[in-house]
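S.K.: how would this look folded up:
(chains A and B)
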Amino acid sequence: GNSVTQMEGPVTLSEEAFLTINCTYTATGYPSLFWYVQYPGEGLQLLLKATKADDKGSNKGFEATYRKETTSFHLEKGSVQVSDSAVYFCALVTGGGNKLTFGTGTQLKVEL
Amino acid sequence: GAVVSQHPSWVICKSGTSVKIECRSLDFQATTMFWYRQFPKQSLMLMATSNEGSKATYEQGVEKDKFLINHASLTLSTLTVTSAHPEDSSFYICSTLIGTVQNTEAFFGQGTRLTVV
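M.R.: Below is the predicted model:
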């Protein structure tokens, strides 16, 4: 079956620090990969996605590259802001299906 | 973008009572709604898929008689936790898709924190 493993939080950083949240996966077939973000009190929002190997998804300064050889989709940002404080979920879907498989979520706290 | 509104955002209920959670699509018609459950420090687990005008499809291990799902209109899906017990305490979240996941987005409600005492 499909599974997603992401680093446990919380991750606490100072503003302008570099961020990496690791995500690895196992999947049958060739998955599409996603990062979702949940700000306090809000629903999950799509942050970025990649649908095939070596694709790079990017949005709001965040990036993640689909690495088939390492089955990874690590989320990075060069300089985080306090407003980036949220919970980040890595997810995948396979085979044209519509069921997302999620990681456990990683809480990010950015301090001044 | 599309908005999915989920209500209530949190609820505390007594053991043995039932709780209804609503999920509305505000500016589009959602023929399919997904209901997830999340335990602390665990993944979102898909519970069931509701389709407007037909019976919901439940994932293996989910009790359909305990978690009643109704999708009577294109803008409203409800999840009712019947005869709730403390082990049902969890975070419930609804979601819908526009297009296929590879080509578009999943939109999520704000989630409902259920605490059964």
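S.K.: for chain A, what's the nearest residue on chain B?
M.R.: Going by CB to the nearest CB, chain A is nearest to B:Phe108 of chain B, at 3.8 Å. C-beta here means a position set from N, CA and C on the backbone, and glycine is covered the same way.
S.K.: show me what contacts that residue?
M.R.: A:36, A:38, A:43-45, B:4, B:93-95 (CB atoms under 8 Å, 6 or more residues apart in numbering or on different chains).
S.K.: need the pLDDT of the residue lying closest to B:Gln29 once chain neighbours are set aside.
M.R.: Closest residue to B:Gln29 apart from its sequence neighbours, by CB to CB, 6 or more residues apart in numbering or on different chains: B:Leu74 at 3.8 Å. pLDDT, B:Leu74: 87.
S.K.: for chain B, which segments count as helices?
M.R.: Using DSSP state H, no helices are found in chain B.
S.K.: for it, give me the ranges with low pLDDT.
M.R.: Residue ranges of chain B with pLDDT under 70: B:1-2, B:99-104.
S.K.: can you list the residues of it near chain A?
M.R.: Within chain B, the positions adjacent to chain A are B:4, B:6, B:9, B:32, B:34, B:36, B:38, B:41-44, B:46, B:49, B:93, B:95, B:97, B:100-102, B:105-111 by CB under 8 Å from any CB of the partner chain.
S.K.: change it to 10 Å
M.R.: Residues of chain B lying close to chain A (CB under 10 Å from any CB of the partner chain) are B:1, B:3-6, B:9, B:32, B:34, B:36, B:38-46, B:49, B:59, B:93-95, B:97, B:99-111.
S.K.: the bottom helix or strand of chain A by mean pLDDT?
M.R.: strand A:101-102 (a mean of 88; mean pLDDT, DSSP states H and E).
S.K.: list of residues touching that one?
M.R.: For strand A:101-102, the surrounding residues in contact (CB atoms under 10 Å, 6 or more residues apart in numbering or on different chains) are A:1-4, A:6, A:25-27, A:31, A:34, A:36, A:44, A:89-94, B:36, B:38, B:42-46.
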